[in-house]
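>>> give me a 3D structure for the following:
(chains A and B)
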Amino acid sequence: MNRKIAPKIKDAVDYTLALKPYEHYTLDNGINVYSIDAGAQEVVQLEMVYYAGNCYDPLKGIAAATNFLLKNGTTNKTAFQINEAFDYYGGYCNRACYNETSVITLHSLSKHIDKLLPILHEMLTDSVFLQQELDIYKQNTKQRLKVNLQKAEFVAGRLIDSYIYGEHHPYGVYTNPLDIDALNIDACKAFYQEYYINGNCTIFVSGKMPMNFKESLNAVFGQMPVNKKPVIKPVNKSIQIEQRKFRIDIDPNSVQGAIRIAMPFPNRHHPDFKKVMVLNTLFGGFFGSRLMSNIREDKGYTYGIYSYIQNHVQESAWMISTEAGKDVSEATIEEVYKEMRILREEKIGDEELLLVRNYMIGGILGELDGPFQIMAKWKNIILNDMDESYFYDSVYEIKSVNADQLMELANKYLRPENFWELVVY
Amino acid sequence: MIQYEKFILDNGLRVLVHEDKSTPMAVLNVLYDVGAKDESPDKTGFAHLFEHLMFGGSKNIPSYDEPLQVAGGENNAFTTNDLTNYYCQLPAENIETAFWLESDRMLSLAFSKKSLEVQRKVVCEEFKEHYITKPYGDVWHKMRELAYITHPYRWMTIGASLKHVEDATLEDVKAFFNKHYTPSNAIMVVAGNIEPAQMKLLAEKWFGSIPAGEKYNRQLPIEPKQTSSRTLEVTSNVPLDALYKCWHMPSRMDERYYAAELISDILGGGGSSRLFQSLVKEKQLFSNIDCYHFGSTDAGLMTIEGKIVKGVNIKDAENALMEEINKIVENGISVSELEKVKNKAESALAFEDMSLMNRASNIAMYENLGEAELINTELSKYQAVTAEEILAQARIIFDENNCNTMHYLSNN
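So this is what the prediction gives:
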C-alpha cells in the first residue's frame, strides 16, 4: 500500500442525478398540493405558502407583523393555547415572512399531524389580531433591532442591499425603530383579509404521510375561500445608488471590518445564470474556492470569505461577503479584485475545473438526502415559475461548461467597475 | 431503531458501521476524545486550533480538502469542551478516498510551519468575529469563570485569550498530536450506502497499521460543590440590560440528567413554556428568555438568560424570574406538562435522525459517552422520568447556594 497514491474514484460527473418526482393534486378550493411521500423516519413537514410577503407591504413591516401574529390568537384560542396545542403533540409550527411569500411550516410526527391541522386552519382563517399582542411584538422587535444595529455584519448586510436595489425596493428596504412604532393593528387586519383569507395558498408536504392524508388535507383546508383570483406577482425595479464605495464606522473600538462587495445580477431565468453558478463556486462558493484559498488559507485575513448569488425571485445580486481584521480589510478588498482579474485573464486548468464539477455534483447528490431536502429543491423550482428542466439543465451545465465560457463570463461580470463596495467597522 | 455493527482494531480504534441503502452518499466520521477541557490553563484554545491544523496536510498527502472535493465530497469539523469531531460526506462509491485521507492524518500530520502561522491568524479572526465584535460576545467567557473554580470548563473552546492562540508553537502542536490523536483515543463511524464487510476490510487496510500510541489517561480536577451563591455585575457597550443565571446540573451520563433536560424544556422550551408565557407575554419584563444547557459530558450548567425590557429594573425582572423558579420547586409540574415535554423529546429525537450526517455523528458521540446503543435507548429514558423526579431535581438544581448570577448592564 502506498499512502501517497489516492484510491481510484468514480468522477461525480459520471453520476446520473434524478430529482424524485412529486405527486400533485388539488383540494376542492383549488389549492395546489405538492407531495413527496418518502423517508425512513415517521415525520412530516407541511409548508403553506401564501403570496403575502413584504413586496405587498402597504406600510413598512406590516407583512412581517401579520405573519408573526398568525400564531398569537384566534377567536377561540389565545397565543398560549395555540402554542400549547402544538407543543403538546411535539409539533413545531414556525412562520416566516420573505419578499414574495409568507410561509407557515409545521413539523410533526406522522402519527400526530392530523390533530394539528385544525389549529393551522384556525390560524389561517380566524386570527383576531389583538392590540396587546402587537404591542408586545413591537417592543420586542425594537429591542432585537437595537442589539442587531450594534453588529457590523447586520448593518453591512442591510446597507449593501439598499445600495444595489434601492431603499424602496422590497429587497433593499430596511426597518428603523420609527417604522416599528408606526405599525398598527388595523393595517394587519386588512392585510390578513386580503392576503391570507382571500389570498393565494400553495401547499408543500413531504415525509412519511399518515393514511389518507390527502383526504385529511382536503377536509381541513379544502373549503378555505382562497385562490379565488390569480396571484398578482409583484414587479419591482431596482435603482442603484450613485456612490460606489462606502466606509462606515459604527464602533471606534472595532477589531474587524464587515466587507460586502456586490453587483446587481439577473434572476434564474437569465441564460447565463446556470453557468455563472459554476463560475461563482470557483470564485468564492466553497471552501476550496479562489477567495477562500487565497484570503483565508494563504493570508489568514479572515475566518471565512464567500461569494454567492442572492436567493431572490425577481432580480438578484452577486455578493462577496466576509469579516476581516480591521488592519487587513483594505488588503482583503484588493485581493478580491485580484482574484476577479485572474479569472478574467487566465483560463481555469482542467484539474481545477474537474474538481469544481465533482464538488458541485457531489453536493447536489448530498442535497437530495431525504424527503424534506428533495421538496426544498422542488419548492424553489415551483416558486420561481420553472420546471424540472431547471434542475437537469443546471446539472448539464456543471458537467459541460468549459474554461473559455467561464473566462468569458468573468470578463462580462467580474469587473470591479460593476461592483458596489462597503466596509462597516 | 438505528442499526449498526461495531468492531475494534488491534490498535484500539473503535469502528462502527451504519448501513442505509436509501441514500447514494456515505459519511465517514472520526471523533477524537479530546476537547478544550484537556488543555492546560496556560495554553487554552489549543484543541480548537489543532482542529484547524488537521486540514493543513498530513504525512503523505499535501492537502486534505482537494482530493476530497475531487471525489465529490464535503467536510467539516468542530471542537467542544469535551471532544473534537471530523466528518466528511461523499458519494458512496468514493468512500475509500475518505479512509485514505482520515487514516493518513491519524498516522501523522505534516506539521507545516506555514499552516500553523496562517491558522493562528484565522483562529484569531474567528475569536474576534464571534466573541469580541458581537454585543454580549464575552458573556460565556465571564460566566464560565464565575461558575467553575477548578474544572477546565472554566474556559471556552476558542480559548481564554487571543494571546494563548498567538503563542502556540510547533512543539506544542506535535506534543498535542502525540498525546491525543491516537487510534485508541478515537472512534470512527462509517455510514450510508456501504457494505459492512467491505468497510471492515477498508478499516483494516488503512487504519490497521497505525501505531497504537499511548492511551491518554484523563484526570481532570473535580469541581467542588458550590456552597454559596455568586454574582457578577458587568457594564458594557450594549443596548440592553441582560440577565444570566446558571446552576450546576448532573453530568451527561448521570441518570438524573433526563429530568434536568425536561426541566429546561418546561421552563424555556418555546411558546408555551412557563418563563416565556409569564415573563415575556404576561408581565412583559423580558423581551426574550431562554432556558438551556450544553449537554456537556461532565457536570454542566442549567442556564436561564434573557434581555430586560428597556425601562424595567433588572432586579424586578430577576425577582419575577425567581418566582417562576420557586413555583416549580414548590409545586412541581402537572401530568399534562410532563406528557407535553416527553412528546417534544420524542419528536426532537425523530427529526434529529433524519440526516445521515447526524446519525453518523450521534453514533460516534454516544459511543464516546459509553456505548453507541444509547442512541436507541435515549427515548425510553425520557419516557421513564416521573413528576416526582422532576420535583426532586428542581429542588437540588435551583438551590440558592448553587446559583451563579450575572447582570450584564448597558452603559447607555
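>>> contacting residues for the residue nearest to residue A:349 when sequence neighbours are not counted?
On the basis of Cβ to Cβ, 6 or more residues apart in numbering or on different chains, the spatially nearest residue to residue A:349 that is not a chain neighbour turns out to be residue A:403, at 7.7 Å. Bear in mind the C-beta positions are built from the backbone N, C-alpha and C, glycine included. Under the criterion of Cβ atoms under 8 Å, 6 or more residues apart in numbering or on different chains, the contact partners of residue A:403 comprise A:347-350, A:353.
>>> same thing but 7 Å
By Cβ atoms under 7 Å, 6 or more residues apart in numbering or on different chains, the contact set of residue A:403 is A:347-348, A:353.
>>> now, which of these sits nearest chain B?
In terms of Cβ to the nearest Cβ, no member of these lies closer to chain B than residue A:353, at 11.0 Å.
>>> I'd assumed the closest one was in a helix, is it?
Yes. Counting by DSSP: H, G, I helix; E, B strand; the rest coil, one finds residue A:353 located in a helix.
>>> burial measure for it, as a count.
Taking other Cβ atoms under 10 Å in any protein chain shown as the neighbour definition, residue A:353 ends up with a count of 17.
>>> with adjacent residues omitted, what lies nearest to it?
Nearest residue to residue A:353 in three dimensions, chain neighbours excluded: residue A:403, at 6.1 Å (Cβ to Cβ, 6+ apart).
>>> and residue B:401, that one's in a helix?
Yes. Counting by three-state DSSP, residue B:401 is found in a helix.
>>> kindly provide the distance from it to chain A.
Using Cβ to the nearest Cβ, to the nearest Å, one gets 32 Å for the distance from residue B:401 to chain A.
>>> so what's that residue up against?
Counting by Cβ under 7 Å, 6+ apart, residue B:401 touches B:226-229.
>>> spell out which residues of the stretch 251-400 of chain B are next to chain A.
Contacts of the stretch 251-400 of chain B with chain A, taken as Cβ under 7 Å from any Cβ of the partner chain, map to B:270-272, B:277, B:281, B:284, B:287-288, B:307, B:309-310, B:340, B:343-344, B:346-347, B:350-351, B:353-356.
>>> in the stretch 101-250 of chain B, which spans are strands?
Shown for the stretch 101-250 of chain B, the strands assigned by DSSP state E, counting those that start in this stretch span residues B:186-192, B:230-236, B:242-248.
>>> the last one to strand B:230-236, inter-axis angle?
Just to be clear, that refers to strand B:242-248. Interaxial angle of strand B:242-248 relative to strand B:230-236 (axes from the mean of the first three to the mean of the last three Cα atoms, to 10 degrees): 150 degrees.
>>> strand B:242-248 near chain A anywhere?
No. For strand B:242-248 and chain A, the contact criterion (Cβ under 7 Å from any Cβ) is not met; the two come no nearer than 9.3 Å.
>>> describe which strands that strand pairs with in its sheet and in which direction.
Partners of strand B:242-248 in the sheet, by DSSP bridges, are strand B:301-308 (antiparallel), strand B:403-410 (antiparallel).
>>> residue in the stretch 251-400 of chain A nearest to chain B?
Among the residues of the stretch 251-400 of chain A, residue A:362 lies closest to chain B, at 2.5 Å counting by Cβ to the nearest Cβ.
>>> so which residue is smack in the middle of chain A?
Note on chain A: the residue nearest the mean C-alpha position is residue A:311, at 5.0 Å, using Cα atoms, centre = their mean.
>>> ok so it is a strand residue?
No. Secondary structure assignment places residue A:311 outside any strand; it is coil (three-state DSSP).
>>> phi and psi next, for the residue of chain B found nearest chain A.
With Cβ to the nearest Cβ, the shortest gap between chain B and chain A falls at residue B:72, namely 2.5 Å. The phi and psi values for residue B:72, taken as degrees, to the nearest 10, are phi 80, psi 20.
>>> isn't it right up against residue A:360?
No. Counting by Cβ atoms under 7 Å, residue B:72 does not reach residue A:360; the two are 8.5 Å apart.
>>> lovely, talk soon.
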